[in-house]
Every structure is written in structure tokens, then in C-alpha cells.
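>>> Below: sequence and its predicted model.
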Amino acid sequence: MAKDPYRYFRIEAQELLESLHRGLLSLTGEEGEEEQVRALLRHAHTLKGAARVVGQAEIGDLAHRIEGALSPFREGDGGVERTIVDGALAILDEMRVLLAALDAPATAAAPAAAKERPAPDADLSTVRIHMTEMDSLLEGIEAAAASVARVRRGFQQVDEAAGRARGLAAALERGRGVGSLQKVEDLLAALENGREQILNGVEAATSLLTEVRRAAADLRLIAADTLITELQQTVRDVATALGKQVEFRASGVNTRVDAHALAGLRTALRQIVRNAVAHGIEDNAKRSAAGKPIAGAVEITIERRGHRVAISCRDDGAGIDIDAVRRVAVERRLASPSEVRTLDLDELTELLLRGGISTAAELTGVSGRGVGLDVVRSTIAGLRGEVTIRTVPGEGTTVELLVPISLSALPALEIEEDGFTAFVPLDSVRQAVALRPDDISRTADGERIVVDGTAIPFVPLRRALGWPARPPDVNGLQTAVVLHAGGQGAAFGVERLRGVDNVLVRSLPGYVGEDSVVAGAVVSEESTPALVLAPGPLVQAALRSGPGLEAEPAAAPPRLLVIDDSLTTRMLEQSILESAGYEVDLAVSAEEALQKARARRYAVFIVDIEMPGMNGFEFIAQTRREPTLREVPAILVTSRANPEDKRRGKDVGARAYIVKSEFDQKDLLETIRRLV
């Protein structure tokens, strides 16, 4: 028996309580906060399930009370009243007291249900600590790779020197005699020898770095069997609570997955198996009447598919009640009666994933609020994954999660568009095609091309990224990349393809939403940032795209200057701004920024406050004193949130003050558009 059966739960519960506390305090009581309420419902629902898995029913019941208090405000029917928020905060205080009581290792007085439960095979709290170390290792490897790239450039310079020496030798041979020629030949031999040594060293170092990078990325992977014990216990608990008999089976449990992904999958899968037992498996009488075994079955299957892992949960229950889904969708005003009649099975299951629909006959502690699948969708979207649901009436339902095996290492197709480089996950790429102008059909729903006998949407990548249109080449060919995600496909016109590479993906800040077309960022060996595009949101953007507009000659995009001493911050801000169509220059200090600002015209300065030497306040104050710079607006983007700093920013002339912890990408881009 584990000495501390609550160790894992305490970490997750503390994170969820903090998220609930922040979210509740952010509610203003005004309309338009329904998305915040849905997020709070997801946190409370996840906490409820986790508490009941470890036998902490009292914490689970309190989380259930928060769900009940907030559910009426899910659809935005008025703001959340202050008394509701205060009551929920009081419940959080009660849960903190209960959680604090679990700080000591379990004793003989621990709940019997918790004692029975074996601890997970791997402690993911320990894994989280190791992941920080692994991330540092991977960043160090990237820095070493950049150093090797610089050595390679040095080798190129040696090569050029050797070429010049050969020219000199030829000139001497024509006019200076054999003695001088011998000296030059010795120089050539030395240069050639140095060249060979540098080349061999660089190639060996590059090969070694590649292997170390792969090994470091593999260290992040752990076997998926760490999930199985908890899922089995969840099935048992829910079946017992509902008086059902359910058998649990699992296969492919030794498949290895990124530890960060596994932590998210744990939340999603726990909800899915709860749904399978509560909604899928019929009660004993109905199964007997249908000629089924009394004991239902829930089966987890894990398998590797290329560079992704598929985890499916199948039950042999009654299947999704499609008529009930249609009825509840109308009752909850998620669709009109006329709209809901036209929805096919795939569209109805997509509606289920949005949350807010429950076909449970009554509200219980297990089900009834329609939050569970919203938790699944949100969690898997955060892992750059996909969720699909298949159901057969009377035979059962299968929910499949498809996520990257590694959230850092990614085989990707590199594409280039007007000097901008981006990567697309390779497993979403179906093919690349060369298109003539007459291959593109223009319809009322937008442009289409035919691929393998099927018409799919076609959108220039520039349009999908929100860039200004470029005049089409009416005579030549253009390249299109066909992407598939979520069972749907679309083609994107690009300028050129640059090949396939294995890249290390850095995550973007939390303000980049789960529906963003940007999934992450990459820093090349030359320290050049590039974006990793998210296939799912890209394909959805193409499916929603209307008829293309005639291209107009585009003016040169505004040029922005980003000033920050943090490499990661500079890289991420540059990637986001360039993806929005701006040209971006970078400065690592305020002093360097002043030199650049005096040499060329910028539309906006985006300035950090805390930098070595001159700080952001001083930089803005200096620009206000110079006639050629005083009209350039400046935005402060900083982690400092106290009112004094905000007042000082306004006093020195900053046009906007954005706190990184409260940052919203759309707000930044809207502020820049307004100032430009």
C-alpha cells in the first residue's frame, strides 16, 4: 500500500482550487461571461471526479455544489450574482480545509475506500519536476546546435579563403616564380587540412546532437499503463454507485506517451469512462431484455499511429440517444428546431463536445449537467489533439482521443510564404499538389479543388493567417498542401515547400486560445523563430471560409520594434506579430532599440520594463524628447502589475500597458491596429 495515497490528488486539487478561485474573482456580474462560467464548471467537474476516485466524497460533494450554483449561468442568461460568487468562494474555503487535512501521510484512520486503491505506477508529480529538468536540457541542446551552426558558418569563411588563395596561386604562377608558388601551395594545404578538420568536427557534433536530442525527448515519454489502475477504479466506483455490473479491459498499455500529455489524458479519460458507465451501459433489466450479458464492458485500447497515439474507450451499451440530444439541444437553445433536424450524426456529436447537453434522466452526483465532454474537448485541444465519437444505437459508443506522442519533438513539413517560415505537423499532411488556375473552382461557399475525386475547400495560407491578399499568378502553377484533421480536409496555397524536419516545439503563452491556428513555436539552429501551425483550427477556418475576394495591391506592412532582454519573449512576440502580417525588428536592450529607432521608422514600440541598463520607462521618456521619435506610440508589455508602475507608464507617455499574466493576444493585436 502506498505510504501517501493522496500525494497525487493534493497536487491536482490545489491547482484546480487556485483556478476556481481566480475564475470566481474575475466574475463581474455582467453579461457576456458565459465562457468564464463554462471554464469554472470544467474545473469543478474535474475536481469532483478526482476527489471521488481517492475516496474524498466530501470534497467531491462540495465541488458538485459549485457546479449546481454556476450551471444556470452557463448560457449567459444574466451575470453571476455576487451572492453566488461569495457562496462559491466559501465552499472553496471548506475544500481547502479538507485538503489541508490530507497533508500528512495516510494513517490507519484513512478512509477505507482510499486504502483499497493502489497508487498509480508512476508518480506524475515527480515526473513534473523531471520535466522541468528535461526542458532545460532540451533548451541547452538547442543552444549547442546554434553554436555548431556558427562553426559551420566559420567553415564557409575558411572555404572562401581557400578559394581566394587558389586565385592568388594562379596569379603568382603566371608572374612570380616557383619559390613563391610553393609558399602559397603550403598555405593552400594548411587551409585544406583545417577545412577538413572543421567539417569532420561539425558533422560529428551535429550527428551527436541529433542523437542526444532524440534521447532527451524520449526521456519525456512514459508508459500509458500508469493510467489504467485509476481508470479501472473509476469504472468500479461509478458502476457501484449506479448498481450496474461492468467489466473493464485494456490493451496496448505499454505504449509510451509524453508525460505532460499523459497528465491531460488522465483527466479526459477519467471523464470518458465515467460517461461510458453512467450513460452508455444499460441497467441490468434493459441488458437482459436486449439479450446482452448482464455485465457490461468498457474497453480501453491504446495504439501508436505514426507520430501520434490513439486512445479509444469503447462500451457495449445502448449508444447515444440521438433523439434526446436533438431535444436537449433545442431546450438549451443551442440550436433551433429547424437547425437541429438537419444535423447529421457527426454534427450532433460535435454539439455534444461543446458541453451543455446531458441526456441523463435525472441530476445525480455522477452525471446530469453536460459538463463532462466539454472537459474532454478542452483538455485534448490543449494537447494539440482531436476527439471523435462513433456510436451505433443498441451496440455501443466509442470515443477516440488522438494526441501527439511527444509534445516537444515533432516531425513537420516546413513551408515558406513571402519570406515567412512555418511548420505543419507531418501526420496531418496528406499530400502536396501543383495547381493550375483552372483547377480552382469558385462557388458560393468559397474556392474548391478536387483531390482524389472529392471537392475540398481551398484557401491561400495568407488568408487563413489573416494576412493581406497577394495578386494571383494567372499564368503559372501554385503549390497547395492538403491537410486533414478531425476527419475533414482542406487545401492551403503556399509559396514553396522546404522539406521535412524533426523540430522541437516550444509552447506558446496561455493567452493563445485553444482555437488559435498557432500551436507552438520553433527556434532554428540559426536562432530564427518560426511558428508551428495547428491543423485542426486551420482546417476549420478553411471550412468556414467564404468566397475569396479579388486581391488588391497590398501596401508594405507596418514595421514594429520589440524590445525585451528575454530571448523566449522576443521570439514568441515576433512569431505572433509576424503571423498577424507585421514586419518585426528585435532589440535586446533599450540602448540598442534607440539606435535602431533613430535609423529607421517604426509604427509601434513594444517595450519590456525590466532590462539591464536603461529600463522601459526611461526608453519611452527618451523617445518622447526626440522630435523624430516622439510620435511613435509605445506599448509596455511587462510582468509588473502594480498600480504605481501603470501610473508611471502613463506619465512617461506609454499608449497602453499590458500585464503578461493577464495578456490576451487579441487585445494586443487590436491595440496595435488601433495605434497604427
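Nice, I can see it.

>>> Where does the prediction get shaky in the stretch 451-600 of the chain?
Within the stretch 451-600 of the chain, the ranges that satisfy pLDDT under 70 run 468-476, 507-516, 523-528, 546-556, 567-568.

>>> the strands in it, which residues?
454-460, 478-485, 488-494, 496-504, 518-523, 529-533, 559-563, 583-587 (DSSP state E, counting those that start in this stretch).

>>> Residue 32 is nearest to which of those strands?
Taking C-beta to C-beta as the measure, the strands of the stretch 451-600 of the chain were each checked against residue 32, and strand 518-523 came out nearest at 25.2 Å. Just so you know, the C-beta spots here come from the backbone N, C-alpha and C atoms, and that holds for glycine as well.

>>> Name the residues that touch that closest one?
Residues outside strand 518-523 that contact it (C-beta atoms under 8 Å, 6 or more residues apart in numbering) are 142, 384, 412, 423, 425, 503-508, 512, 529-534, 571-572, 575-576, 579.

>>> now stretch 89-105: mean pLDDT?
If you average the pLDDT over stretch 89-105, you get 82.

>>> Format the strands of the stretch 451-600 of the chain as a markdown table; extra columns: mean neighbour count and distance to residue 338.
As requested, those are exported to a markdown table (neighbours: other C-beta atoms under 10 Å; distance: least, C-beta to C-beta, whole Å):
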| stretch | mean neighbour count | distance to residue 338 |
| --- | --- | --- |
| strand 454-460 | 19 | 25 |
| strand 478-485 | 20 | 29 |
| strand 488-494 | 23 | 24 |
| strand 496-504 | 14 | 44 |
| strand 518-523 | 23 | 36 |
| strand 529-533 | 23 | 36 |
| strand 559-563 | 23 | 47 |
| strand 583-587 | 18 | 47 |
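
>>> As CSV, the ones you listed with distance to residue 155 would be great.
Listed next are these as CSV, based on distance: least, C-beta to C-beta, whole Å:
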stretch, distance to residue 155
strand 454-460, 39
strand 478-485, 33
strand 488-494, 32
strand 496-504, 21
strand 518-523, 22
strand 529-533, 24
strand 559-563, 32
strand 583-587, 27
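
>>> of these, which approaches residue 290 most closely?
Closest to residue 290 of those, according to C-beta to C-beta: strand 488-494, at 34.0 Å.

>>> export that closest one as CSV, just CAs?
Written as CSV, here are the backbone C-alpha positions of strand 488-494 (Å, rounded to 0.1, in the frame of the first residue of the first chain):
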residue,chain,number,x,y,z
GLN,A,488,-12.1,16.7,-42.5
GLY,A,489,-9.7,18.0,-45.1
ALA,A,490,-8.8,21.3,-46.8
ALA,A,491,-6.0,22.6,-49.1
PHE,A,492,-3.9,25.6,-48.5
GLY,A,493,-2.0,27.5,-51.1
VAL,A,494,1.7,28.2,-50.2
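
>>> ok now that strand, how far from the chain's centre?
Using C-alpha atoms, centre = their mean, to the nearest Å, the distance from the centre of strand 488-494 to the centre of the chain it belongs to is 20 Å.

>>> and it, which strands flank it?
Each strand that strand 488-494 pairs with, and the sense of that pairing, follows from DSSP bridges: strand 454-460 (parallel), strand 478-485 (antiparallel).

>>> Show me which residues of stretch 280-296 are buried.
Burial within stretch 280-296, assessed by neighbour count using 16 or more other C-beta atoms under 10 Å, is assigned to 280-282, 287, 292, 296.

>>> Those in helices, which ones?
Secondary structure of the buried residues of stretch 280-296 is defined by DSSP state H; positions in helices are residue 287.

>>> Looking at the buried residues of stretch 280-296, spot the one nearest residue 460.
For those, the minimum distance to residue 460 (C-beta to C-beta) is 43.5 Å, reached by residue 280.

>>> any idea how far residue 272 is from that closest one?
Distance from residue 280 to residue 272, counting by C-beta to C-beta, to the nearest Å: 10 Å.

>>> again, but for residue 437
47 Å.

>>> Which one of those two is surrounded by more residues?
A side-by-side neighbour count of residue 437 and residue 272, using other C-beta atoms under 10 Å, places residue 272 first with 29 against 12.
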